[in-house]
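Enquirer: predicted model follows, preceded by the sequence.
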Amino acid sequence: STTIYLDDMSFRNTIRNNHIEAKRQEDGLKREVLAIDGSRENVIVDNLFSSLDDGGISLYHNCKEGNSPRFGSPTDNVIINNVFRYSKADGDTPPSILVGQRHCSPDFAFLAQRNAVMQNQIVKLPVNTMIRVGHPENGPNFIDHNETVTAEIGRAVGCFVNNGYPNFILHGQFTNAFHD
């Protein structure tokens, strides 16, 4: 029931330069637009996500719903330079990006780790509530350079350098120091 669903058998997908608009569920269920359910090493860059009244991107690990456990984990995904627009905004607005949250038993490991969420734009809503890490066991994750904007800012995409210093460089910049 999501617009795009990536399960644990998929990996290294690229979703780039798209306008992805949420669809209203006829059955009344509310789901995010893009579900990354145990999928890893995906690149989601330069997209416009709109009508996100039920949420944007969720990275999680299926909790055996319908007896279909996931063996992969949502790790090493790169979510950079996307724009998130909502058709309405109220106190109950689901997040644009939610890293590692499901309604599972407390002993379930979510394993959403080493994901880069950077340089994204949230139109008119505060970044600190719209980009969240849902469970303390998730991490490390790299969440930085995201901003609230009044209108979309056209710009070249930056680059996440996993072991570089700095670990995020803007278009035209470079890094020459590495941790290893």
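Expert: Received it, and whenever you're ready, just let me know what you need.
Enquirer: Ile4 and Asp53: what is the separation?
Expert: Computed as CB to CB, to the nearest Å, the Ile4 to Asp53 distance reads 17 Å. The way it works is simple: take the backbone N, C-alpha and C, and place the C-beta from them, glycine included.
Enquirer: actually Leu34, sorry about that
Expert: Using CB to CB, Leu34 is found at 15 Å from Asp53.
Enquirer: ok, these two, which is more surrounded?
Expert: For Leu34 and Asp53, the more surrounded residue by other CB atoms under 10 Å is Leu34, and the numbers stand at 25 against 15.
Enquirer: what about Arg114, neighbour count?
Expert: Arg114 has 17 neighbouring residues, counting by other CB under 10 Å.
Enquirer: flag the shaky bits of this structure, pLDDT-wise.
Expert: Across the chain, the ranges flagged by pLDDT under 70 are 24-25, 27-29, 63-70, 89-91, 101-110.
Enquirer: mind running it again at 50?
Expert: Within the chain, the stretches with pLDDT under 50 are 107.
Enquirer: for Asn77, give me its contacts.
Expert: Ile36, Ser39, Arg40, Glu41, Asn42, Val43, Ile44, Leu59, Asn115, Ala116 (CB atoms under 8 Å, 6 or more residues apart in numbering).
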